[in-house]
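**Q** coordinates only, no sequence provided:
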Ligand code: F0G
């Protein structure tokens, strides 16, 4: 919550921290940016940091840490088994989430792997509010199927709906009623990554968990993006509850909670917690086999110390509100200038609607991928394609319902300043005015078409775009 009003009434987000350590970044000339994106195969994942001015690819593992976290890292008790740091993190998790049994893993998808290994059998189903790539992949690897049961309001790109991540609870109930024996578990994702980091309401989370109990199905809560979601529950649904109370209320309803500590907890690693001894034992064997001894599970012990502090910091409203406020500012500035973004502003980042930005690029030429490359050329900022490259359609000629072509401009927490966001807005306004110069991209013949593979531009539009940049910005970077 922004507690500070400006006399000018400008809706500026205000940092609730001071900067202790900084890292120099480079802004390379536009000609080099064209070269760099060509070298990267028009895929922002393949750019190297040296060529990137604003790294807005993700909020994963790149959030700024506090002096408290960095200091705590020196207290790490390095032990292969029985580290006191494991005990410390376990105690913090129990204090905040009320779960006594803790399994570490090296990151979020490793938690998903362990959970899927333990509970998904061939032919089983995993309903969830929305699909996320890494979780669906683990479920499919075990022969199961992930099923999205999102309320249709979540797929409206622009609305003022406060909780677009909510379940279609009627469909969830029907599925549980008719097919409970085939359901491995229900996965509840808060916030909801692929629809624009949109929050799910506490009401919908609790309802989903209650239905699971009623039909004897395990509830699994993916809390990776819970930090931003906490802010939205606090500001849009339950202002009377503290962040700590919201955390506990949600956690108490769930059988298993896991998260990527690259996002929640301002560190790097993965966490699985539960109160069920039976479920714990089922999962523990796979942590030992795939991750590491179950008191470190592939995590660096130093990061565990940092997460103890990072989780406690997450209970502070000043801290959890920073990300959403910066994202809202960026979204508002872009919208004011006629650039369509997913609304309302959610967590994680600002999401550009590529189909509106470059309506002349057909879906077969990846509008979001093309726009992500153009954004990099125009600004040196790298975002992430969230569309047909990231989630290929089963039938490339048939557009699935609600297909989104988005460019995600993630806002890593406490990393970038308002002037850097203003710079980005300026370059995006220019790009929008020159959007007709942006062309499509394609996978070369014989490519595997993975989201991290190389693509190529169709024609020399990148050079033409750079030439126009030079004309308009003279010798500016
Ligand atoms: N669940 C959610 C909701 C996520 O957003 C992610 C990661 C994971 C699980 C997997 O965690 O990366 O630690 O293995 N999202 C990253 C992103 C990759 O950029 O959105 P991980």
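**A** All right, it came through fine. Just so it is clear, the model here is predicted, and its values are computed rather than measured. Residues are numbered from 1 along each chain as shown.

**Q** for the residue of the stretch 251-400 of the chain found nearest the ligand, give the beta-bridge partners.
**A** Of all residues in the stretch 251-400 of the chain, residue 260 sits closest to the ligand, at 3.1 Å by C-beta to the nearest ligand atom. All C-beta spots, glycine's among them, are computed from the backbone N, C-alpha and C. The bridge-partner assignment for residue 260, based on DSSP bridges, gives residue 270.

**Q** who in the chain is up against the ligand?
**A** 58, 60, 107-109, 132, 134, 189, 193, 222, 224-225, 260, 262 (C-beta under 6 Å from any ligand atom).

**Q** mind giving me the PyMOL select for the residues you listed, buried ones only?
**A** Here the buried members of the residues of the chain next to the ligand are turned into a PyMOL selection, burial being counted by 16 or more other C-beta atoms under 10 Å:
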select buried, resi 58+60+107+108+109+132+134+189+193+222+224+225+260+262
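
**Q** what's the closest of the residues of the chain next to the ligand to the ligand?
**A** Among these, and counting by C-beta to the nearest ligand atom, the member closest to the ligand is residue 108, at 2.2 Å.

**Q** quick one: the strands in this protein, in order.
**A** Secondary structure of the chain (DSSP state E): strands at 54-55, 101-105, 125-128, 145-148, 186-189, 219-222, 256-260, 270-274, 349-353, 381-382, 384-386, 406-410, 441-442, 456-457.

**Q** any weak-confidence spans in the protein?
**A** 1-2, 392-402 (pLDDT under 70).

**Q** one more time with 80, if that's ok
**A** Across the chain, the ranges flagged by pLDDT under 80 are 1-3, 391-403.

**Q** name the residue closest to the centre of it, please.
**A** residue 193 (4.8 Å; C-alpha atoms, centre = their mean).

**Q** now do the contacts for the residue nearest to that residue when sequence neighbours are not counted.
**A** Leaving aside its sequence neighbours, residue 193 sits nearest to residue 132 (C-beta to C-beta, 6 or more residues apart in numbering; 5.3 Å). Taking C-beta atoms under 8 Å, 6 or more residues apart in numbering, we find residue 132 in contact with 189, 193, 194, 222.

**Q** how close does the third one sit to residue 346?
**A** It stands for residue 194. From residue 194 across to residue 346, the span is 11 Å (C-beta to C-beta, to the nearest Å).

**Q** just to check, residue 369 is in contact with residue 441?
**A** Yes: contact criterion C-beta atoms under 8 Å: residue 369 and residue 441 qualify, at 5.3 Å.

**Q** do you have the helices of the stretch 101-250 of the chain handy? List them.
**A** Counting by DSSP state H, counting those that start in this stretch, the stretch 101-250 of the chain has helices at residues 108-119, 133-141, 169-179, 202-215, 226-236, 243-253.

**Q** swap in the stretch 351-477 of the chain?
**A** Using DSSP H, counting those that start in this stretch, helices in the stretch 351-477 of the chain cover 354-357, 367-379, 418-433, 461-473.

**Q** could those be laid out in JSON lines, adding mean neighbour count?
**A** Output for these, formatted as JSON lines (neighbours: other C-beta atoms under 10 Å):
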{"stretch": "helix 354-357", "mean neighbour count": "22"}
{"stretch": "helix 367-379", "mean neighbour count": "28"}
{"stretch": "helix 418-433", "mean neighbour count": "18"}
{"stretch": "helix 461-473", "mean neighbour count": "17"}
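
**Q** want to try JSON lines for these, with distance to residue 198 as columns?
**A** JSON lines is the format used below for the helices of the stretch 351-477 of the chain (distance: least, C-beta to C-beta, whole Å):
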{"stretch": "helix 354-357", "distance to residue 198": "17"}
{"stretch": "helix 367-379", "distance to residue 198": "17"}
{"stretch": "helix 418-433", "distance to residue 198": "20"}
{"stretch": "helix 461-473", "distance to residue 198": "31"}
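
**Q** ok, which of these comes nearest residue 315?
**A** Ranking the helices of the stretch 351-477 of the chain by proximity to residue 315 (C-beta to C-beta) places helix 418-433 first, at 25.5 Å.

**Q** next one: that closest one to chain centre, how far?
**A** 22 Å (C-alpha atoms, centre = their mean, to the nearest Å).

**Q** next, the angle from that helix to strand 406-410.
**A** 160 degrees (axes from the mean of the first three to the mean of the last three C-alpha atoms, to 10 degrees).

**Q** what's the angle between helix 418-433 and strand 349-353?
**A** Using the same axes, to 10 degrees: helix 418-433 against strand 349-353 is 10 degrees.

**Q** can I get the helices of the stretch 101-250 of the chain in CSV including distance to residue 40?
**A** Shown next, in CSV, are the helices of the stretch 101-250 of the chain (distance: least, C-beta to C-beta, whole Å):
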stretch, distance to residue 40
helix 108-119, 23
helix 133-141, 20
helix 169-179, 41
helix 202-215, 39
helix 226-236, 29
helix 243-253, 39
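
**Q** what sits against the residue nearest to the centre of the chain?
**A** By C-beta under 8 Å, 6+ apart, the contact set of residue 193 is 130, 132, 224, 225, 348.

**Q** now, which of those residues sits nearest residue 466?
**A** So of these, ranked by how close each gets to residue 466 (C-beta to C-beta), first place is residue 348, at 29.7 Å.

**Q** for the closest one, give me its contacts.
**A** 59, 191, 193, 196, 197, 225, 228, 323, 327, 408, 410, 411.

**Q** returning to that earlier point: give me the more crowded residue out of residue 194 and residue 346.
**A** residue 346 (29 against 21; other C-beta atoms under 10 Å).

**Q** from residue 261, how far off is the more buried one?
**A** 21 Å.

**Q** repeat that for residue 302.
**A** Distance of residue 302 to residue 261, computed by C-beta to C-beta: 12 Å.

**Q** which of those two has more neighbours?
**A** Counted by other C-beta under 10 Å, residue 302 and residue 261 do not tie: residue 261 has more neighbours, with 30 against 19.

**Q** how much space between that one and residue 361?
**A** 37 Å.

**Q** likewise residue 203?
**A** Taken as C-beta to C-beta, the span from residue 203 to residue 361 is 39 Å.

**Q** who's more crowded, the two?
**A** Ranked by neighbour count (other C-beta under 10 Å), residue 203 and residue 361 place residue 361 first, with 23 against 14.

**Q** just give the nearest non-adjacent residue to the more buried one, would you?
**A** residue 367 (4.3 Å).

**Q** tell me who's in contact with the one you found.
**A** 354, 355, 357, 358, 361, 387, 405, 440.

**Q** could you rerun that using 6 Å?
**A** 354, 355, 358, 361, 405 (C-beta atoms under 6 Å, 6 or more residues apart in numbering).

**Q** please apply the same query to residue 160.
**A** residue 344.

**Q** please apply the same query to residue 461.
**A** Applying C-beta under 6 Å, 6+ apart, the residues contacting residue 461 are residue 439.

**Q** residues near residue 242, how many?
**A** Residue 242: 12 neighbours (other C-beta under 10 Å).

**Q** what sits closest to residue 56 if chain neighbours are left out?
**A** Nearest to residue 56 is residue 409, by C-beta to C-beta, 6+ apart, at 4.4 Å.

**Q** bridged to that neighbour, which residues?
**A** Beta-bridge partners, per DSSP bridges, of residue 409: residue 350.

**Q** my guess is it meets residue 351, correct?
**A** No: with contact defined as C-beta atoms under 6 Å, residue 409 and residue 351 do not form a contacting pair (7.4 Å).

**Q** circling back: quick one: contacts for the residue nearest to residue 56?
**A** So residue 409 contacts 56, 349, 350, 383 (C-beta under 6 Å, 6+ apart).

**Q** thank you kindly, that will do.
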